[in-house]
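# Got a predicted structure plus its sequence, pasted below:
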Amino acid sequence: MNKRNLWRKWYIFLIGICLVVGLLTGCQKEKETSVKPVQTLTLWHYLDSSASKQALLEITDTFNHSQENIQVEIQYVPDEDFKKHLALSMADGDMPELALVDSSDLNYFNAMQSFVNVTEQIENLDDYLPEAIASCKVDGQMKGMPLGMNCAALFCNTEMLEEARVQVPKTWDELQETALKLTKEDRYGFAMPALRSEESVFSFLPLLWGYGGEIAEIESEESQAAFLKLRELSESGAMSPQVNNLTSGDIGRQFMEGNVAMVLVTSALQQTIQKEKPNLKYVMTLPPSGDENKECVTAIGGEVLVVTQGEKQDAALEFVKFVSEKCQMEKLVDQIGYLAPRQDILSEQVADSKALKNTYEILQYAKPREFSVDWPYVSVALTDAMEDEIVGEIPQSVIISNLAEKLRKNREAE
């Protein structure tokens, strides 16, 4: 082989190498340019129990690892500040892409800034309970996905009851008497949240309804009796006036630590107790009635997952679709301690969990709050009146009169 042929072969070989490298580089560049940028979404919520926070962390982490293009980050906003912060973000056009809102507040927020229709993203929508759908449907569209149901319930420390030789109270007068017997220097007999927040109204409505009162008839004898009971509980020493500064989560923790014997909070406290104080002996039951001739009643509640309008709404809808999957939703509601809004999951919960079966039985006596645009204003007016009654410095007649006037003005302004 002469030198000329040898150089020719080397020349052809080098050209081939360059072509291959060029093709590979071109493919790599094409691949790099085809990679979609990661979209980061923010999810606001106000759930303050450790079980709820952990459940949300786990489901967002699972979603984030299930695909490469969307990352959901969680931001906790205290319940007492949540409505204000979300309303301000809507006014400023700086909303989170996703939010968990109270079922009674959806219409209010949706009137400010219409949420995205999520009807197509909800798996097996026909399996959802009517009471769960009712809070989310606006003009035939699902403006959010129901994320679970709970109810207000009375929790009693059974060891303390046995020690004091008293029974679980059936009426509010019995509860006050029992709470006084359970009250000691280092603990109160009873507590319920009265901070200006939705969870306080959630705990108060069973008291109002238990006496036969109604928000629409706030000046009735029955409604006034319910507010008077708050004053009596505080003035007698059965309940600390500091409940005006405590959240439902705070009161739940006080119950678990043995600083209060009976509490009226969300049924989801069961899950927190199971996780943090599994050896605590307690019973969860219906809130008391106004008297022996009236029925016990409670309030149904729950959260709704909503998507706000914006550039990232399609990505946010993917998260809703993911959460609506049966395997994801059943894990989420079980961890939080909620009843599922889907009948197929709910049936399994009731069959498999004694605690959730108890919640379901209490739920049969539940009434919903209003699903109206002006509900937040009603809620604030109620909690202001609750605080005044518990402090006890203003005559009750003035408190009720002021409350009735606020409600009237609000209704007239609709």
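Ah, there it is. What you see is a predicted model, and the numbers here were worked out from it, not measured in a lab. Numbers count the residues shown, from 1 in each chain.

# Show the average pLDDT along stretch 355-368.
For stretch 355-368, the mean per-residue pLDDT is 96.

# mind checking how far that stretch is from the chain centre?
Centroid separation for stretch 355-368 versus its chain: 16 Å, with C-alpha atoms, centre = their mean, to the nearest Å.

# Can you pull out the low-pLDDT segments for this structure?
1-35, 414 (pLDDT under 70).

# which SS class is Val333?
Classification of Val333 by DSSP: H, G, I helix; E, B strand; the rest coil places it in helix.

# Check the gap between it and Gly148 for me.
According to C-beta to C-beta, to the nearest Å, Val333 stands 5 Å off from Gly148. C-beta coordinates here come from the backbone N, C-alpha and C atoms, glycine included.

# Next, show the common contact partners of those two.
Shared contacts of Val333 and Gly148 (C-beta atoms under 8 Å, 6 or more residues apart in numbering): 339-340.

# where do the strands sit along the stretch 51-200 of the chain?
70-76, 98-102, 137-138, 141-142, 145-146, 150-157, 188-191 (DSSP state E, counting those that start in this stretch).

# what residues does the fourth one touch?
With C-beta under 8 Å, 6+ apart as the test, strand 141-142 has contacts from 117-119, 122, 125, 133, 136.

# what's the farthest-apart pair in the residues you listed?
Greatest spatial distance in the contacts of strand 141-142: Asn117 and Ile133, 13.6 Å, computed using C-beta to C-beta.

# out of the strands of the stretch 51-200 of the chain, nearest to Leu339?
Nearest of the strands of the stretch 51-200 of the chain to Leu339, taken as C-beta to C-beta: strand 150-157 at 6.9 Å.

# Within its sheet, name the partner strands of the closest one and how each one runs.
Strand pairing for strand 150-157, determined by DSSP bridges: strand 260-266 (antiparallel), strand 282-285 (antiparallel), strand 298-301 (antiparallel).

# Please give me every residue in contact with Thr62.
Gln328.

# Pull up the gap between it and Phe319, please.
Separation of Thr62 from Phe319 (C-beta to C-beta) stands at 11 Å.

# Ok, Ile133 next?
Ile133 sits 20 Å away from Phe319, taking C-beta to C-beta as the criterion.

# and the two? which has more neighbours close in?
More neighbours surround Phe319 than the other of Ile133 and Phe319, with 22 against 16 (other C-beta atoms under 10 Å).

# Correct me if wrong: that one contacts Ser66.
No: using C-beta atoms under 8 Å, Phe319 is not in contact with Ser66, being 10.1 Å away.

# just the helices in the stretch 1-150 of the chain please.
Secondary structure of the stretch 1-150 of the chain (DSSP state H, counting those that start in this stretch): helices at 3-34, 50-66, 79-92, 106-112, 130-134.

# next one: the stretch 201-350 of the chain
Under DSSP H, counting those that start in this stretch, the stretch 201-350 of the chain gives helices at 221-236, 248-256, 269-276, 313-324, 326-336, 343-352.

# CA atoms only: put stretch 225-235 into CSV for me.
Provided in CSV are the C-alpha atoms of stretch 225-235 (Å, rounded to 0.1, in the frame of the first residue of the first chain):
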residue,chain,number,x,y,z
ALA,A,225,-79.9,30.8,74.8
ALA,A,226,-77.0,29.4,72.7
PHE,A,227,-75.0,32.6,73.0
LEU,A,228,-75.8,32.8,76.7
LYS,A,229,-74.4,29.4,77.3
LEU,A,230,-71.0,30.6,76.1
ARG,A,231,-71.1,33.3,78.7
GLU,A,232,-72.1,30.9,81.4
LEU,A,233,-69.4,28.4,80.5
SER,A,234,-66.8,31.2,80.8
GLU,A,235,-68.2,33.0,83.9
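
# Next, the buried residues of it.
225-227, 229-234 (16 or more other C-beta atoms under 10 Å).

# got a list of contacts for it?
172, 176, 179, 190, 194, 204, 207-208, 210-211, 213, 239-241, 290, 385-386, 389-392, 396, 399-400.

# So what does Gly213 look like in phi/psi?
phi -80, psi 160 (degrees, to the nearest 10).

# can I assume it is in contact with Leu205?
No: Gly213 is beyond contact range of Leu205, at 9.4 Å (criterion: C-beta under 8 Å).

# Looking at those two, which is more packed in?
The neighbour comparison of Gly213 against Leu205 (other C-beta under 10 Å) goes to Leu205, with 26 against 22.

# ok, the more buried one touching Ala299?
Yes: contact criterion C-beta under 8 Å: Leu205 and Ala299 qualify, at 4.4 Å.

# anything in contact with each of those two?
152, 367, 369.

# out of these, which is most surrounded?
Ala152 leads the shared contacts of Leu205 and Ala299 on contacts (other C-beta under 10 Å) with 27 neighbours.

# Chain neighbours aside, what residue packs nearest to Leu356?
Leaving out its chain neighbours, the residue that sits closest to Leu356 by C-beta to C-beta, 6 or more residues apart in numbering is Gln349, at 4.6 Å.

# And for Lys170?
Using C-beta to C-beta, 6+ apart, the closest residue to Lys170 is Pro288 (5.9 Å).

# Give me the phi and psi for the one you found.
phi -70, psi 170.

# what's near enough to touch it?
154, 169-172, 174-175, 210, 296 are the contacts of Pro288 under C-beta under 8 Å, 6+ apart.

# Please repeat the previous calculation with a cut-off of 6 Å.
Applying C-beta atoms under 6 Å, 6 or more residues apart in numbering to Pro288 gives the contacts 169-172, 175.

# between those, which is closest to Leu264?
Leu175 (8.9 Å).

# Without its sequence neighbours, what residue ends up closest to that closest one?
Computed as C-beta to C-beta, 6+ apart, the closest residue to Leu175 that is not its neighbour in sequence is Pro169, at 3.9 Å.

# can you tell me how far that neighbour sits from Tyr360?
22 Å.
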